[in-house]
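> Just to be clear, the model below is a prediction. Sequence and coordinates:
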Amino acid sequence: MTRARTLLGLAALVLLGVSGCNTYHYFDVTIVFDSTLPEESVGYLQSCSVLVSGAASDSDHLPMNPQGAKSWCPVSDFHNFPTLGTFEYSTFADSGKINFSFQGYDFTRQDPMFLCATGSVDMTASSTVTQTGTLMVTSGPNQCMSQN
């Protein structure tokens, strides 16, 4: 009976040790438009996404007129221009480079022919729980304009 308790105790310690390895790390990334994208051009953005690659991978569309929350794309709030806002990304990755890439389109369909704003920032995953960075967005391969 004592041996069984000892084995159960060791198993519990192993499980606690394994669960401790999965700690979230947070990246607070502020998106800022540089001078190549004046307010008028940013006003044409209709759809935006952030791609994550490297030690973590993911993709997400920035909110489009969510219920009662801030709309990121189309850009509707120029109060803090040239800053679009800050998003938080979480991952279990604790080493390696993580690249955050912004893609802005002047049409609701995310097609390369409508890509008009791009930017990226590399950050290094580490034991630090929360890191901050700035993703600078510049004009993309196409000019931002009205597609109506």
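Yep, it's here.
> Contacts only, for residue 95.
By C-beta atoms under 8 Å, 6 or more residues apart in numbering, the contact list for residue 95 reads 55, 125-126. C-beta: built from backbone N, CA, C; applies to glycine.
> Could I get the full set of strands for this structure?
Assigned by DSSP state E, the chain shows strands spanning 25-33, 47-54, 58-61, 83-91, 96-105, 115-125, 130-139.
> Would you mind finding the most buried of those?
With neighbours taken as mean count of other C-beta atoms under 10 Å, the strands of the chain reach their highest mean count in strand 96-105, at a mean of 20.
> on that earlier part again, could you dump the contacts of residue 95 into a markdown table with pLDDT added?
Converted to a markdown table, those look like this (pLDDT from 0 to 100):
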| residue | pLDDT |
| --- | --- |
| 55 | 94 |
| 125 | 94 |
| 126 | 94 |
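> can you put the residues you listed in JSON lines and add distance to residue 35?
JSON lines is the format used below for these (distance: C-beta to C-beta, whole Å):
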{"residue": "55", "distance to residue 35": "31"}
{"residue": "125", "distance to residue 35": "31"}
{"residue": "126", "distance to residue 35": "32"}
